[in-house]
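1. sharing a model prediction with you, sequence too.
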Amino acid sequence: MKELKHLNKYFRKYWFKLVIGILITITARVFQLVMPSYVAKIIGVVEKYLAAEVTETVARQQLLEYIGIIIGAALLSGFFTFLMRQTIINVSRYIEYDLKNEVFDHYQRLSLNFYKTNRTGDLMNRISEDVTQVRMYAGPAIMYGMQTLTLFVCLIPLMFIKAPTISFYALTPLPVLSVLIYWISRIIHKRSTRVQVFLSDLSTFAQETFSGISVIKAYVMEPQINQQAQALALEGKTKSMDLAKVNAWFFPLMILLIGVSNIFVIYIGGVQYLNGEIESIGTIAEFILYVNMLTWPVAIVGWLTSVVQRAEVSQKRINEFLKQAPDIQNHSDVETPVRGKITFDNVGFIYPDTGIEALKDVSFEISPGETLTILGKTGSGKSTILELIPRLYDVSSGEIRIDDRPVEELNLTSLREAIGAVPQDAFLFSDTIENNIRFGKEDATLDEIREVAKMAVVDTNIEGFSKGYQTVLGERGITLSGGQKQRVSIARALIKDPTIYLFDDCLSAVDTETEEAILSNLKKASQGKTTVIVSHRISSAINADKVIVLENGRIIQAGNHDELLAQEGYYKELYINQLSEKES
Ligand SMILES: Nc1ncnc2c1ncn2[C@@H]1O[C@H](COP(=O)(O)OP(=O)(O)OP(=O)(O)O)[C@@H](O)[C@H]1O
């Protein structure tokens, strides 16, 4: 129960509703207890009538009265049971809602590395499946637990007072039932966990297949994929059948043990009646009803134990993530305005998940309003530099300074708000194009959105769609071409009007003519703003104030276009190659 202590704050939050719920549960059960004793009384009346101890009219009157009481008690018990669910189950839904929000908020605060080291399916499972398991403890377990406890506390002493011997025999099989149900529930849990794990593998497989459908078709991989799907389906069937087999034991076992209890009641009750130890056959009927009333709660004791165990395991999984502090911590509570000077001082960086040393002794400085272009072969560390500026990762050695202050000292929100980043792999949400651009500035008007779309040279494309800016993009914006996606992503950064622009090879999918138009627009838009452009094309470097060339994480060349052209090296080679490509 150590892990489930995490829920105590929610129980405290909803304590009033819970207490009311518990009182209602007790009331509902007490009304339920009325019926068996009145059934006994009814049989008693019939017996008296048959023995000619009461007249027919009196018997009829008493029968009607008792039936009326039974119906009244059943109605009241039903009403309170309804209220019970409305309070306790509602509380569990509130707790589920709060817990999901807590986990989601925490996920959002965790750093990029957390997402690299944990599978998306696992993150989703903990916020959905595990929270559901915990809810079973916070609601149904409490409700059924209280119900069972009330029934035990009220009913068992009552039974022993009325007929101790029948009670003893009737109750003997019930603990066995409870233990068996507990045992079966554990096996069910183990097997259903296996089914859950399988289902999450299946969704990962389906998701990858559908996302990569174009590659699968292009490589004619359908038969292999079908084979894999069939193998998975077979595995799923076996696991589900295993689960179904244990599930099938649940009710027969219950019925068997209730049957045993009932036989004890009838046999012992019958013997006692014949010996004159009990007054009426009604007592036997009453005890049969008690036994049946107790069966479900007794079975539930076993079920409850396994629900609590499952909830504990799930809460442990949730707590594992909740306890993780973000790698990237905000060290300043006050806002820190950013002017845009960026200094890298002997920066080294090793990716924590792979141990790859992506940057070694990287030093450069960009003054506010200047443009830096980073060139270099693939994998040389260009994107890594862009990830370090907004502190998606912290450096492993050396120091990054913004406006001459270590970047860690800046307020994280101020820093990130001052940056407009366009990633290499443009990500668009399944929403309208308008809202995708508005993501950069929540209160942007349509005119502002149009203006930035024009600067990103994508306005004409968007207007070409029948729904224009209202065009809804599919998952990952698949209705747009690669170049269009990149340009929408640029528009999103432009509308933010930040102090620092970070463009990560974001014109790779557009043709050179459009690239030139965008670059000239960007030059205007980024007047007075610090701009870092990662590129493979010389065109992005010609007008830059500074250019650095990276190789294996180190700067091998630095200067401006003219200076670098005057040296032998990567830059000059790239220039000559791209110039001849253009001419040809
Ligand atoms: N998230 C990551 N986790 C672990 N290693 C990474 C990660 N991102 C990049 N790397 C590694 O760091 C090195 C530098 O990668 P980076 O993406 O910075 O190169 P790049 O110059 O931007 O390449 P490209 O031009 O292909 O985009 C590479 O060896 C890469 O495999």
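-> Yes, it's here.
2. for Gly21, which non-adjacent residue is spatially closest?
-> In this structure, Gly21 finds its nearest non-sequential neighbour in Thr87, 3.5 Å apart by Cβ to Cβ, 6 or more residues apart in numbering. For the C-beta atoms, the positions are set from N, CA and C on the backbone; glycine is no exception.
3. neighbours of the one you found, just the number please.
-> Residues within reach of Thr87, counting by other Cβ atoms under 10 Å, total 22.
4. that one: what's it in contact with?
-> Counting by Cβ atoms under 8 Å, 6 or more residues apart in numbering, Thr87 makes contact with Lys17, Leu18, Ile20, Gly21, Ile24.
5. need the three-state assignment for it.
-> Three-state assignment for Thr87 (DSSP: H, G, I helix; E, B strand; the rest coil): helix.
6. separate out the buried members of the contacts of Thr87.
-> Buried subset of the contacts of Thr87 (neighbour count, 16 or more other Cβ atoms under 10 Å): Leu18, Gly21, Ile24.
7. what distance do you get for the residue lying closest to Ile342 once chain neighbours are set aside to Gly121?
-> Excluding its sequence neighbours, the residue lying closest to Ile342 (Cβ to Cβ, 6+ apart) is Ile366, at 4.7 Å. Using Cβ to Cβ, to the nearest Å, we find Ile366 at a distance of 40 Å from Gly121.
8. closest point of the stretch 101-250 of the chain to the ligand, which residue?
-> Relative to the ligand, the nearest point of the stretch 101-250 of the chain is Lys116 (5.5 Å; Cβ to the nearest ligand atom).
9. quick check, that residue in contact with Asp327.
-> No - using Cβ atoms under 8 Å, Lys116 makes no contact with Asp327, being 10.7 Å away.
10. those two - which one has more neighbours?
-> For Lys116 versus Asp327, neighbours defined as other Cβ under 10 Å are more numerous around Asp327 (15 against 12).
11. neighbours of the residue nearest to Ile342, how many?
-> So Ile366, with other Cβ under 10 Å, has 20 neighbours.
12. for Gly528, same thing?
-> Look at Gly528: counted by other Cβ under 10 Å, it has 8 neighbours.
13. show the model's pLDDT score for it.
-> At Gly528, the pLDDT value in this model is 84.
14. could you look up the SS state of the closest residue to it other than its chain neighbours?
-> The spatially closest residue to Gly528, leaving aside those adjacent along the chain, is Gly369, at 4.8 Å (Cβ to Cβ, 6+ apart). Following three-state DSSP, Gly369 is assigned to coil.
15. against which helices or strands is the biggest helix by length in the chain packed?
-> If each helix of the chain is counted by residues according to DSSP state H, the longest one is helix 222-274. If contacts are counted by 3 or more Cβ pairs under 8 Å, 6 or more residues apart in numbering; DSSP states H and E, helix 222-274 sits against helix 164-171, helix 173-211, helix 282-322.
16. confidence-wise, which of the ones you listed is weakest overall?
-> helix 173-211 (a mean of 81).
17. so Gly340, which of the three states?
-> Going by three-state DSSP: Gly340 is coil.
18. who touches Ser383 in this structure?
-> Contacts for Ser383 (Cβ under 8 Å, 6+ apart) come out as Gln424, Asp504, Asp505, Val534.
19. ok, which residues in this structure are in contact with the ligand?
-> Taking Cβ under 6 Å from any ligand atom as the criterion, the chain approaches the ligand at residues 116, 351, 353-354, 356, 358, 376, 378-384, 424, 505.
20. sort out for me which of those are in helices.
-> Lys116, Lys382, Ser383, Thr384.
21. Serialize those residues to CSV and add fields for pLDDT.
-> Putting these into CSV (pLDDT from 0 to 100) gives the following:
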residue, pLDDT
Lys116, 82
Lys382, 93
Ser383, 93
Thr384, 94
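22. can you tell me which of those residues is nearest Leu564?
-> Distance to Leu564 across those (Cβ to Cβ) is lowest for Lys382, with 15.9 Å.
23. picking that back up, which one of the contacts of Ser383 has the most neighbours?
-> Val534 (25 neighbours).
24. show me the beta-bridge partners of that residue.
-> Following DSSP bridges, Val534 is listed with bridge partners Ile374, Asp504.
25. wait, it sits on Leu507?
-> No - using Cβ under 8 Å as the test, Val534 is too far from Leu507 to be in contact (10.2 Å).
26. can you check which residues contact both of these two?
-> With Cβ under 8 Å, 6+ apart as the test, Val534 and Leu507 reach no residue in common.
27. need the contact list for Leu412.
-> Each residue near Leu412 by Cβ under 8 Å, 6+ apart is listed here: Ile328, Asn330, Ser332, Arg391.
28. who's in contact with Leu522?
-> For Leu522, the contact set (Cβ under 8 Å, 6+ apart) comprises Met455, Ile490, Tyr501, Phe503, Thr531.
29. got a pLDDT number for it?
-> 82.
30. wait, a strand at it?
-> No - counting by three-state DSSP, Leu522 falls outside a strand, being helix.
31. select from the contacts of Leu412 the one having the most neighbours.
-> Neighbour-wise, the contacts of Leu412 (other Cβ under 10 Å) top out at Arg391, 23 neighbours.
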